[in-house]
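>>> The following block contains a protein sequence and its predicted model.
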Amino acid sequence: MTVSRAPSLAALLVFATGGAWAGGTGALRADAAWIRVLPGDLPAAAYLTLRNAGDEEVALTGARSASYRRIMLHRSAGVGGMEGMVPVARLPVPAHGAVRLAPGGYHLMLMDAVRPIAPGRKVTLTLIFDGGREKLDVAFLARPANATGP
Ligand SMILES: [Cu+2]
């Protein structure tokens with residue numbers, strides 16, 4: 001492992017904008033972002049693939065949205081159902097790697113919708129990395145309860 005003499009360019013960029021720069025450093029990319037909307041007051045789940053083209057690991061630590069009052073990062077520990085979900089504090093996206101949030105695995109749990117979200121609509125979530133060091137606005141496509149992909 002080499003010891004770098006200066007902060008990375010990415011760190012400098014985030015520092016220069018006070019960490020409030022939605023859109024990330026350009027190293028992070030989101031693909032196939034979708035939300036499974038369930039009827040009534042049931043929480044929805046958000047899925048996507050996160051790609052990190054940078055030289056440093058970044059970790060997803062949470063998300064915010066104007067459309068949901070509470071969002072948590074979860075992992076499904078069992079099969080199916082709402083039961084068997086465990087909270088996840090941080091989900092690493094390896095340098096030059098990717099991580100997939102998908103049914104049966106990692107997901108963002110979207111709770112307390114401000115208003116009902118109809119399938120076909122887009123919902124913006126602000127993904128938060130490393131506790132706020134980076135942020136990325138991602139448009140998620142709302143899909144019906146029986147959807148299995150974006
Ligand atoms: Cu969950």
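Structure's in. What do you need? The structure presented is a predicted model; accordingly, all values stated were derived computationally and were not measured.

>>> Every contact and neighbour count from this point should use C-alpha atoms.
Noted.

>>> Quick one: name whatever helix or strand follows the lowest-mean-pLDDT helix or strand in the chain.
Lowest by mean pLDDT, DSSP states H and E among the helices and strands of the chain is helix 9-16, with a mean of 41. Later in the chain than helix 9-16, the nearest helix or strand by DSSP states H and E is strand 28-36.

>>> Can you mark which positions in that following strand are buried?
Buried residues in strand 28-36, defined by neighbour count with 16 or more other Cα atoms under 10 Å: 28, 29, 30, 33, 34, 35, 36.

>>> In TSV: those, plus pLDDT and distance to the ion.
TSV is the format used below for those (pLDDT from 0 to 100; distance: Cα to the ion, whole Å):
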residue	pLDDT	distance to the ion
28	94	23
29	94	23
30	96	20
33	97	16
34	97	15
35	97	12
36	97	11
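
>>> what does this protein have sitting close to the ion?
Listed as neighbours of the ion in the chain under the rule Cα under 5 Å from the ion: 74, 109.

>>> ok so, going back, which pair in the buried residues of strand 28-36 spans the largest distance?
Maximum pairwise distance in these, criterion Cα to Cα, is 23.0 Å, between 28 and 36.

>>> Now the residue minimising distance to the centre of the chain: phi and psi?
With distances taken as Cα atoms, centre = their mean, the residue of the chain nearest its centroid is residue 127 (4.7 Å). Note on residue 127: its backbone torsions stand at phi -80, psi 140 [degrees, to the nearest 10].

>>> CA atoms of stretch 95-105 as CSV?
Output in CSV follows, covering the C-alpha atoms of stretch 95-105 (Å, rounded to 0.1, in the frame of the first residue of the first chain):
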residue,chain,number,x,y,z
ALA,A,95,-12.8,0.7,-5.9
HIS,A,96,-13.3,-0.1,-9.6
GLY,A,97,-16.2,-2.3,-8.5
ALA,A,98,-19.9,-2.5,-8.1
VAL,A,99,-22.5,-3.5,-5.6
ARG,A,100,-26.1,-4.6,-6.4
LEU,A,101,-29.2,-3.8,-4.3
ALA,A,102,-31.8,-6.3,-5.4
PRO,A,103,-34.8,-8.2,-4.2
GLY,A,104,-33.7,-10.8,-1.6
GLY,A,105,-30.6,-8.8,-0.7
